[in-house]
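S.K.: Build me a model:
(2 chains)
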Amino acid sequence: MHLPFSLLLSSLTWVYSIGVTILGVFGIHLGQKTRSRSLQLLRQVEREKERADKLANFVIPIGLALAVENDLNTLLEKILMEAKVLSLADGGTLYLVTPEKTLRFVMVLNDSLKIAMGGTSGKEVSLPSLNLYDSATGSPNLKNIATSCALGAKSILITDVYSAEGYDFSGTKAFDEKMSYRTISVLCVPLKNADGTVIGVLQLINPQSPETRTVVPFDEHLCQMMELLGLLAAAALASYLKTKKLTDQIAELKIQIDEAKKERQVAEITDSDYFKSLQTRAREMRAKVKGQNS
Amino acid sequence: MAKIVSIHSFRGGTGKSNLTANLSSQVALAGKRVAVVDTDVQSPGIHMPFGLVEERVEFALNHFIWGECPIEKAAYDVSAALKGPGGPIYLVPSSMKIGDIGRILKEGYDVRILNDGFQALIEKLELDYLFIDTHPGVNEETLLSIAISDTLVLILRPDQQDFQGTAVTVELAKKLDVPQMLLVINKALPSMNFAALREKAEKIYDVPVAAVLPLTTEVVQLASSGLISLEYPDLEVSREMRKIAAQILASE
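M.R.: Predicted coordinates for the structure are as follows:
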């Protein structure tokens, strides 16, 4: 049975229309996808450019400035302050690893709360050090974000401490309540030596939008910048400590008297007739002067 | 009554003559009549900071010791070195002539002559202060100077040999009942912890440390050619020298 030509034609037209429509939609979809992908690539290029710019214009010059700093308090302060500026953080803490395997607070800053402790502020940081290991069991302290960062030698980023799991933020929450503050985002970066040894931790909180002054998430690309800064800071600290050790060795001058030798030399002189006669004459002379004065 | 101040060191090279010249100048600037006697006949050096040239010196301490002149004839007015009002300040130098040095070392001398000379100088020049720049080490002449001193300034460098030697001198000075003893630690590297050094020295010797003087470029450059506390009064070393002079004056 033959189909009428008109029916065939209209069927073909219908199929064609559907096909064109499908192709058109697919084309639009492809175009959108391509545009979207292009935009993504553009943004990535922009970010990489921004990253390179920040590296060249901020991080490296900061690193050079740290390397020539001779005063420890100023050096510690510069490390934290430059990190805050770079990350737009509202607050930050710098810890150093101690021989007793703790993290000692050496510098604490918070712009909103106007807190400045350590460094050249003149105010001691009175906060107790954090144990890297449990004092009872010896197991690593992975509940605290700063100690975890130090032990794992890896950066840790928490976008919201109030909803984060796996870490004990009770101290942070107690601080917030006491100070009417809200810690939202935390970034911890290890300060690592060239051999990978962690000598400290840089902790930054609540990056703020310069336009709106509200807390915004830490830029994930910033983490790489901070890790680089952490390396440079660790290098500057290590260099300072090495120089200081040499200086201290010179400064730590011991005065050691060989008492037996001294007594022997004194006796050689005081046993002489000359000294005995001199001693007598000196006493007479001083007694005479004393008598004249009185 | 005149005060006798001896400046002594166990070893040479401590900066004793330089310090003597500066301290005596500072005391003279306080309005006191001062004389300095260089008893380091073996290596005289204190004439240099005072600008007393060899050509000007007809009679020296050596000639007094040999009986060739009264001591006041060997005393030269060097008040011009003060560059300001104060003093007068006199210097009795040891002879710089090699022949004279050789002769006195070879022949030796009776140290009692020195004591007579000091007393005569005090009387003739109506002195308030007599500074004795002693020979390094411990011998009859230095022991005499220590024995007759009202103030003994012991100068040392921060090194082990000086620490050990100074311990001997301190012990001897205590046995000679010196009324005032002061330690001066000289040529300390700026990187040293001066406060800690002072504390350690005071603890070990049981004698006050009058000053810890830093080793500076200016001191090295100026060497013995001038009075650093007058040429560079704002330097730390100059301020410390004035403090030592003040402690000497305070014991009146």
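S.K.: Which residue ranges of chain A form helices?
M.R.: Ranges of helices within chain A are A:5-54, A:60-67, A:72-87, A:145-152, A:170-179, A:220-251, A:259-270, A:273-293, based on DSSP state H.
S.K.: For residue B:207, find the nearest of these.
M.R.: Evaluated with C-beta to C-beta, these place helix A:259-270 nearest to residue B:207, the distance being 14.3 Å. Any C-beta I mention is one placed from the backbone N, CA and C, and that applies to glycine too.
S.K.: List the neighbours of the closest one that are in contact with it.
M.R.: With C-beta atoms under 8 Å, 6 or more residues apart in numbering or on different chains as the test, helix A:259-270 has contacts from A:275, A:276, A:279, B:138, B:143, B:164, B:167, B:168, B:171, B:172, B:175.
S.K.: which among those end up buried?
M.R.: With burial judged by 16 or more other C-beta atoms under 10 Å in any protein chain shown, the buried subset of those is A:275, A:279, B:138, B:143, B:164, B:167, B:168, B:171, B:172, B:175.
S.K.: Report the two of the residues you listed separated the most.
M.R.: Greatest spacing in the buried ones among the contacts of helix A:259-270, by C-beta to C-beta: A:279 and B:164 (23.0 Å).
S.K.: pLDDT at the residue lying farthest from the centre of chain B, what is it?
M.R.: Most distant from the centre of chain B: residue B:191, at 27.0 Å, with distances by C-alpha atoms, centre = their mean. Predicted confidence (pLDDT) for residue B:191: 77.
S.K.: Give me the nearest residue to residue A:142, chain neighbours excluded.
M.R.: Spatial nearest neighbour of residue A:142, chain neighbours left out: residue A:148 (4.9 Å); criterion: C-beta to C-beta, 6 or more residues apart in numbering or on different chains.
S.K.: wait, residue A:201
M.R.: Excluding its sequence neighbours, the residue lying closest to residue A:201 (C-beta to C-beta, 6+ apart) is residue A:95, at 4.5 Å.
S.K.: partners of the one you found in the sheet?
M.R.: On the basis of DSSP bridges, residue A:95 is bridged to residue A:105, residue A:201.
S.K.: Just give the number of residues close to it.
M.R.: Residue A:95 is flanked by 28 other residues according to other C-beta atoms under 10 Å in any protein chain shown.
S.K.: which residues does it contact?
M.R.: A:103, A:104, A:105, A:106, A:130, A:146, A:150, A:200, A:201, A:202, A:203.
S.K.: Could you report the separation of the last one from residue A:190?
M.R.: So that's residue A:203. Going from residue A:203 to residue A:190 by C-beta to C-beta, to the nearest Å gives 10 Å.
S.K.: Touching both of those two, which residues are there?
M.R.: The contact sets of residue A:203 and residue A:190 overlap at residue A:149 (C-beta under 8 Å, 6+ apart).
S.K.: Between these two, tell me which one has more neighbours.
M.R.: Neighbour tally, residue A:203 and residue A:190, criterion other C-beta under 10 Å: the higher count belongs to residue A:190, 27 against 23.
S.K.: Pick the one among the contacts of helix A:259-270 closest to residue B:202.
M.R.: Nearest to residue B:202 among these is residue B:167, at 13.2 Å by C-beta to C-beta.
S.K.: Could you measure from the closest one over to chain A?
M.R.: 5 Å (C-beta to the nearest C-beta, to the nearest Å).
S.K.: Verify the stated contact: that residue with residue B:205.
M.R.: Yes: Residue B:167 lies in contact with residue B:205 (C-beta atoms under 8 Å); the separation is 6.8 Å.
S.K.: show me the contacts for residue A:91.
M.R.: A:84, A:108, A:109, A:110, A:111, A:112, A:113, A:115, A:204, A:205, A:206.
S.K.: hmm, try it at 6 Å
M.R.: A:109, A:110, A:205 (C-beta atoms under 6 Å, 6 or more residues apart in numbering or on different chains).
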